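1. show me how the following folds:
(one chain, ligands or ions: 2)
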Amino acid sequence: MKNPGLLALAIVFIMTGVLGLTVFTWFAGKRMTEDRTVPMMDMMMGKGVMNKGQMKERMKSMMPGMLPPGVKPENLPESDSRVAKLLTRYCAQCHDLPSPFMHSGEEWPAIAGRMFFRMSMMSGMQGMSMMDIENPSAKERDAIVGYLKKHAMKSISTSELPAPGSEGAVLFSERCSQCHSLPNPKLHTAEEWPGVVERMQANMRTMGRTVITENEKKTVTGFLLNQARK
Ligand code: HEC
Ligand code: HEC
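-> Ligands and ions are numbered 1, 2, ... in the order given. You can find the predicted model right below:
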């Protein structure tokens with residue numbers, strides 16, 4: 001090219017074009033991703049990226065009466081073990097930390113399976129940065145289920161109950177199997193049972209189940225005291 005001025009002009013022209021295109025693509029790309037994720041996120045979670053604290057609050061308002069009440073990590077059995085820490089890490093992401101005592105060894109695998117399924121579904125959305133749900137590996141899942149089963153509630157079937165037709169046994173079977181299978185009366189001593197029944201009455205309120213009345217509580221506690229571990 002003979003004219004250096006014209007060359008400079010051409011270069012500037014091309015550069016502006018490239019820059020313009022880059023800026024345009026960037027905006028368009030951003031808009032596209034936003035268009036894809038934002039309405040879905042708004043619909044599911046309210047505005048913004050969710051952290052775990054917000055997630056638990058949202059869950060509690062969306063699923064009243066379905067989430068387990070929490071225990072403190074230091075009150076878990078073998079609280080310093082690696083697997084107790086796995087439970088605290090993975091199982092308190094959407095609701096408070098569940099107690100392994102809440103369910104029998106027969107119940108846990110299916111319940112844990114339902115929770116693992118949720119975690120894999122929701123951690124799949126991590127790429128879209130909606131929430132930061134962590135998903136345990138297969139090994140970690142096995143360890144968690146093993147731990148839950150090891151410390152599970154010792155349950156009993158209605159037919160194995162002593163004096164199965166008595167008022168106490170019937171009320172106990174009805175009221176105390178709403179959330180978990182029927183606990184074995186030998187699990188606690190006569191000193192311990194009243195406090196446990198008291199706490200369960202509170203659990204019934206939190207979890208929106210039929211709450212045991214004061215009279216029923218007397219009957220059930222009476223039954224448990226008779227059958228308690230000596
Ligand atoms: C991704 C969110 C999420 C995580 C993580 C999660 N849960 Fe849940 N959990 C829920 C929801 C939602 C419910 C209520 C609906 C239901 O019971 O399936 C629930 C309910 C429960 C309940 C009460 C229902 C019942 O059948 O007793 C227990 C117990 C429970 N979870 C245990 C666990 C354990 C153990 C883990 C870890 C292995 C865990 N959860 C991890 C979402 C989660
Ligand atoms: C509303 C649901 C619900 C009902 C109904 C319920 N429980 Fe529970 N139960 C729980 C939860 C949650 C846990 C684990 C957390 C805890 O221990 O409070 C649990 C744990 C237990 C445990 C194991 C922990 C321990 O302290 O030994 C026993 C035993 C028990 N329940 C007995 C009972 C009895 C007896 C009744 C009837 C009076 C009853 N439950 C009714 C929710 C319930």
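2. going by C-alpha atoms from here, please, whenever you check contacts or count neighbours.
-> OK.
3. and the protein, which residues reach ligand 1?
-> 66-68, 90-91, 93-94, 98, 111-112, 115, 118-119 (C-alpha under 6 Å from any ligand atom).
4. between these, which sits nearest Q201?
-> P68 (13.8 Å; C-alpha to C-alpha).
5. who are the contact partners of the spatially closest residue to the closest one that is not a sequence neighbour?
-> Leaving aside its sequence neighbours, P68 sits nearest to P98 (C-alpha to C-alpha, 6 or more residues apart in numbering; 5.9 Å). Going by C-alpha atoms under 8 Å, 6 or more residues apart in numbering, P98 touches P68, P69, G70, V71, C91, A92.
6. which residues touch the fourth one?
-> Contacts here follow C-alpha under 8 Å, 6+ apart; on that basis V71 touches D96, L97, P98, S99.
7. which of those residues sits closest to ligand 2?
-> Set against ligand 2, the nearest of those by C-alpha to the nearest ligand atom is S99 (4.9 Å).
8. quick one: that closest one from L67, how far?
-> 12 Å (C-alpha to C-alpha, to the nearest Å).
9. contacting residues around E106?
-> Counted by C-alpha under 8 Å, 6+ apart, E106 has contacts K149.
10. by neighbours, which of the contacts of P98 wins?
-> When neighbours are taken as other C-alpha atoms under 10 Å, the top entry among the contacts of P98 is C91 (20 neighbours).
11. quick check: it touching S99?
-> No: using C-alpha atoms under 8 Å, C91 is not in contact with S99; the gap is 10.0 Å.
12. only the C-alpha atoms, please, for the helix or strand harbouring S173, written as PDB.
-> Assigned by DSSP states H and E, S173 falls within helix 167-175. Taking Å, rounded to 0.1, in the frame of the first residue of the first chain, the C-alpha atoms of helix 167-175 are listed here in PDB:
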ATOM      1  CA  GLU A 167     -54.300 -49.400  76.300                       C
ATOM      2  CA  GLY A 168     -50.700 -48.400  76.800                       C
ATOM      3  CA  ALA A 169     -49.400 -50.800  74.200                       C
ATOM      4  CA  VAL A 170     -51.900 -49.700  71.600                       C
ATOM      5  CA  LEU A 171     -51.300 -45.900  72.200                       C
ATOM      6  CA  PHE A 172     -47.600 -46.500  72.200                       C
ATOM      7  CA  SER A 173     -47.800 -48.300  68.900                       C
ATOM      8  CA  GLU A 174     -49.900 -45.700  67.300                       C
ATOM      9  CA  ARG A 175     -48.300 -42.500  68.600                       C
END
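13. from the contact counts, what lies against that helix?
-> helix 214-227 (3 or more C-alpha pairs under 8 Å, 6 or more residues apart in numbering; DSSP states H and E).
14. so which elements touch the helix it packs on?
-> Packed next to helix 214-227, using 3+ C-alpha pairs under 8 Å, 6+ apart, are helix 167-175, helix 193-206.
15. circling back to that earlier point, let me know the secondary structure of the residue nearest to P68.
-> Counting by DSSP: H, G, I helix; E, B strand; the rest coil, the backbone at P98 sits in coil.
16. check the residues of the chain next to ligand 1 and tell me the two furthest apart.
-> Among the residues of the chain next to ligand 1, M66 and Y90 lie farthest apart (C-alpha to C-alpha), at 18.1 Å.
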